[in-house]
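[1] build me a structure from this.
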Amino acid sequence: MSSTEVLPLTGHERFRTTQVEEAQAQVGRAFCPHDLRVVNRSARLDARMHGVAFGDTGLYYLDYGADVMITPGALEDFYLVQIPLAGAAEIACGREQIVSTPRLASVPAPTDHLAMRWHEGTPQLIVWVRRTALEEHLGKLLGRQPRQPVRFDLGMDLTTPAARSWLAVVDLLRRDADNPGGMLGRQLIVKQLDALLTSQLLMAQPHNYSPALHGEQPRVAPLAVRKAMEIIECHAAEPLTVEDVAEAVGVSVRALQEGFRRHVGTTPVSYLREVRLDRVRAELKAAAPGLVTVTDVAYRWGFFHPGRFAIAYRERFGEHPSQTLRG
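    Numbering: from 1, shown residues only. Coordinates of the predicted model:
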């Protein structure tokens, strides 16, 4: 990365130092205790970290500015997806070894011993996911809690369509974190993006539960779908996700999605959006112009992109929301 390029997450600098001990302590504070050693003793460390947490996930930029060995052992409490922005890193986790590049990220298993060599000129964008949250999320997708730790393949091919789709979510988070006053200050959108990031990671990167996750799901009875619809209608103003609804009904996310497709002809997400649009319209009709704004009402019901909201509203009701407000 050239010196003229703007680094990711520049508004969230954690530290910059030339001291190995300080870099080790600061990175250990963000992730976990580890051993850090500069490979060439005559080399000068120039380490920097930027980072921001979103809830059960986080996004970090880390560069040591030198050839270093990093040995954290087992991560235990979290998953990392480490994405080199340039250069190469040698990653050994358990019995697996890879050379990670901008085309091949690394996803170490938290229960295996991890040792890494980041070559000089290998800044990395790192996605952090709390282990308990990921395993709980997988349980919602499967309709049962996993009994074994989730073990991803160590190498993540970033050129596949599924990985590129996941990277698009990462980039959305990064750009919004760099935008003061963006969406990440709102609990509803943070929870939705957390769920989206974790769901797409579980679907994009192979792991020991992939066969069960991609396998045939049992059919959901119409009664369960109706119960899910009632939950959506009663809690539409809350930070509701498909995973929340599936858990409340007692089925997997994929089974619920198939049930909605079969019995309602839509998806749970689309149904939630339609319910929220109906609530916005009812509120705009009942409001006196000048006392409320369209934006305020839309935000209250979970619509954070005014342009997209206006398009969706016009497609559903045949008029602009401001026309509804004016009566």
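[2] please make it C-alpha for all contacts and neighbour counts, starting now.
    Noted.
[3] what sits against H113?
    Neighbouring residues of H113 by Cα atoms under 8 Å, 6 or more residues apart in numbering: P72, G73, A74, L75, C93, G94.
[4] pretty sure the last one contacts M116?
    No: G94 is beyond contact range of M116, at 11.7 Å (criterion: Cα atoms under 8 Å).
[5] what about these two, which has more around it?
    Shown here are G94 and M116; by other Cα atoms under 10 Å, M116 has more neighbours (20 against 17).
[6] tell me the secondary structure at the more buried one.
    strand (DSSP: H, G, I helix; E, B strand; the rest coil).
[7] can you give me the strands for the stretch 1-150 of the chain?
    13-17, 35-38, 47-53, 57-63, 68-73, 78-84, 89-93, 96-100, 104-106, 114-118, 124-130 (DSSP state E, counting those that start in this stretch).
[8] next, the angle strand 47-53 makes with the first one.
    Right, the one you point to is strand 13-17. Interaxial angle, strand 13-17 versus strand 47-53 (axes from the mean of the first three to the mean of the last three Cα atoms, to 10 degrees): 170 degrees.
[9] quick one: low-confidence parts of the stretch 51-200 of the chain?
    Flagging of the stretch 51-200 of the chain using pLDDT under 70 yields the residue ranges 181-185.
[10] output the strands of the stretch 1-150 of the chain as a markdown table; include the columns distance to L197.
    Listed next are the strands of the stretch 1-150 of the chain as a markdown table, based on distance: least, Cα to Cα, whole Å:
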| stretch | distance to L197 |
| --- | --- |
| strand 13-17 | 23 |
| strand 35-38 | 30 |
| strand 47-53 | 13 |
| strand 57-63 | 8 |
| strand 68-73 | 25 |
| strand 78-84 | 12 |
| strand 89-93 | 23 |
| strand 96-100 | 21 |
| strand 104-106 | 16 |
| strand 114-118 | 24 |
| strand 124-130 | 9 |
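[11] of all those strands, which one comes closest to G250?
    Closest of those to G250 is strand 124-130, at 23.7 Å (criterion: Cα to Cα).
[12] list the helices and strands that closest one packs on?
    Judged by 3 or more Cα pairs under 8 Å, 6 or more residues apart in numbering; DSSP states H and E, the packing partners of strand 124-130 are strand 57-63, strand 78-84.
[13] if we go to 10 Å?
    Under the contact definition 3 or more Cα pairs under 10 Å, 6 or more residues apart in numbering; DSSP states H and E, strand 124-130 sits against strand 47-53, strand 57-63, strand 78-84, strand 104-106, helix 161-177, helix 187-204.
[14] separation between Q187 and G55?
    Between Q187 and G55 the computed distance is 9 Å (Cα to Cα, to the nearest Å).
[15] so what sits against both of these two?
    Taking Cα atoms under 10 Å, 6 or more residues apart in numbering as the criterion, Q187 and G55 both touch L193.
[16] once you drop chain neighbours, what's closest to the residue nearest the centre of the chain?
    Nearest to the mean C-alpha position of the chain, counting by Cα atoms, centre = their mean, stands L197 at 2.5 Å. Leaving aside its chain neighbours, L197 sits nearest to V169 (6.3 Å; criterion: Cα to Cα, 6 or more residues apart in numbering).
[17] for M156, same thing?
    A105 is the one closest to M156 (Cα to Cα, 6+ apart), at 4.9 Å.
[18] count of neighbours near that neighbour?
    A105: 28 neighbours (other Cα under 10 Å).
[19] got the contact list for it?
    80-85, 88-89, 91, 98-99, 124-126, 154-158, 163.
[20] tell me, how many neighbours does I189 end up with?
    17.
[21] same deal with A30?
    14.
[22] I'd assumed Y60 was in contact with it.
    Yes: at 9.4 Å, A30 and Y60 qualify as touching, with contact defined as Cα atoms under 10 Å.
[23] okay, and the common contacts of these two?
    Common contact partners of A30 and Y60 (Cα under 10 Å, 6+ apart): R14, M49, G51, A53, W128.
[24] out of these, which end up buried?
    In those, burial by neighbour count holds for R14, M49, G51, W128, counting by 16 or more other Cα atoms under 10 Å.
[25] of all these, which comes closest to V294?
    Nearest to V294 among those, with distances taken as Cα to Cα, is G51, at 34.3 Å.
[26] next up, the contacts around the closest one.
    Neighbouring residues of G51 by Cα under 10 Å, 6+ apart: 8-15, 30, 58-62, 125-127, 174, 177.
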